[in-house]
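Novice: I'll drop the sequence and a predicted model, then ask my questions.
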Amino acid sequence: MHERVGTCEVCGREVFCLNGFLNGVAENGRLRCFDCADREDVAADARKEEEKRTE
């Protein structure tokens with residue numbers, strides 16, 4: 001089964017539910033494709049590492 005859930009709020013790509021699994025990330029009312037969610041996670045991790053170094 002292939003059902004459209006919505007669009008990624010970062011890049012506008014369509015996000016689908018594939019055989020019962022969301023092909024993206026839904027957190028805090030936000031829907032993002034995996035690519036955008038991964039980029040945001042990497043950026044957040046880099047900010048945390050930078051904060052540790054400046055303490």
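Specialist: Noted; the coordinates are in hand.
Novice: drop to CA atoms for contacts and neighbour counts, all remaining ones
Specialist: Fine.
Novice: residues in contact with the lowest-mean-pLDDT helix or strand in the chain?
Specialist: Here the helix or strand of the chain ranked lowest by mean pLDDT, DSSP states H and E is helix 34-54, holding a mean of 85. Helix 34-54 has contacts (Cα atoms under 8 Å, 6 or more residues apart in numbering) with 10-11, 23-25.
Novice: most neighbours, which of those?
Specialist: residue 24 (21 neighbours; other Cα atoms under 10 Å).
Novice: What's the separation between that residue and residue 11?
Specialist: Using Cα to Cα, to the nearest Å, one obtains 12 Å as the distance from residue 24 to residue 11.
Novice: likewise residue 4?
Specialist: Taking Cα to Cα, one finds residue 4 at 16 Å from residue 11.
Novice: Also residue 45?
Specialist: 21 Å.
Novice: do the same with residue 53
Specialist: Residue 53 is 32 Å from residue 11, by Cα to Cα.
Novice: cool, residue 35 as well?
Specialist: From residue 35 to residue 11 the distance is 9 Å (Cα to Cα).
Novice: With residue 42 instead?
Specialist: 17 Å.
Novice: Repeat that for residue 33.
Specialist: Relative to residue 11, residue 33 is positioned 8 Å away (Cα to Cα).
Novice: cool, residue 32 as well?
Specialist: As for residue 32, its distance to residue 11 is 8 Å (criterion: Cα to Cα).
Novice: Likewise for residue 46?
Specialist: Distance from residue 46 to residue 11, by Cα to Cα: 21 Å.
Novice: What of residue 31?
Specialist: 11 Å.
Novice: does residue 30 really touch residue 6, like I thought?
Specialist: No - using Cα atoms under 8 Å, residue 30 makes no contact with residue 6, being 10.4 Å away.
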